[in-house]
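Participant: just coords:
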């Protein structure tokens, strides 16, 4: 791998500004990539052990390894969603296309993660978290959707996904499973379509502490999308 570039960055941590630098390394074909974002929050009232922010990521075609320390995010300066998190995390994820014949694609994916020293759940800012969480997730996703040139969103097709996982914290384990199906049809109106049903959100094993039972998502919404005219 060779040095590919670097630039200064501004991040947010607990709504306090942080200044730092982003570095990127990659091979000529981008089969292997290494990135590092390092920043410091010199302003505001923060404990000294929360002023340094590190985000390291190494990825290949199928694997991704990420480590963060006191994770910072630019959106913390704008709100209302606060994405910064105190603590440390090590996340190993895998994704492989078993069918790649666009628009048909079948992906297998999975991840294992360890979170340490948390205050809130990794993706739920209003939910207090156990200090340490261990998570594992495995899923399959199929898509066969189409859209016109210049479309904002996919206009027709079929997609489904099935995900199972388990979270472990404070001596208890919380398994979960969820799935979803999307089906889209074009409308007589130009560049328009309707999708029924479509889940409003996708739960993640790293963000939801579940009771020890199987849970299938039932939150569905009918969503109409209108693409820009070409």
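Facilitator: Thanks, I have it. Treat the numbers as computed from the prediction; the structure is a model and nothing was measured.
Participant: what distance do you get for residue 164 to residue 158?
Facilitator: 22 Å (C-beta to C-beta, to the nearest Å). Just so you know, the C-beta spots here come from the backbone N, C-alpha and C atoms, and that holds for glycine as well.
Participant: contacts for the longest strand seen in the chain next, please.
Facilitator: Ranked by residue count and defined by DSSP state E, the top strand of the chain is strand 85-101. The contact list for strand 85-101 (C-beta atoms under 8 Å, 6 or more residues apart in numbering) reads 14, 50, 62-71, 105-120, 122, 131, 142, 206.
Participant: likewise for stretch 107-116?
Facilitator: Here stretch 107-116 makes contact (C-beta under 8 Å, 6+ apart) with 87-98, 122, 129, 131-142, 205-206.
Participant: related to what we said a few turns ago, out of the contacts of strand 85-101, which end up buried?
Facilitator: Among the contacts of strand 85-101, those classed as buried by 16 or more other C-beta atoms under 10 Å are 14, 50, 64, 66, 68-71, 105, 107, 109-113, 115, 118, 120, 122, 142, 206.
Participant: quick check, residue 138 in contact with residue 165.
Facilitator: Yes: using C-beta atoms under 8 Å, residue 138 is in contact with residue 165, at 6.7 Å.
Participant: which residues does residue 94 bridge with?
Facilitator: For residue 94, the beta-bridge partners are residue 63, residue 110 (DSSP bridges).
Participant: just to revisit the earlier point, name the residue in residue 138 and residue 165 with the higher neighbour count.
Facilitator: When residue 138 and residue 165 are compared for neighbours, residue 165 comes out ahead with 23 against 16, by other C-beta atoms under 10 Å.
Participant: from residue 1, how far off is residue 28?
Facilitator: As judged by C-beta to C-beta, residue 28 and residue 1 stand 9 Å apart.
Participant: neighbour count: the two, which is higher?
Facilitator: residue 1 (14 against 8).
Participant: excluding sequence neighbours, find me the nearest residue to the more buried one.
Facilitator: Counting by C-beta to C-beta, 6 or more residues apart in numbering, residue 25 is the residue found nearest to residue 1 once chain neighbours are left out, at 4.6 Å.
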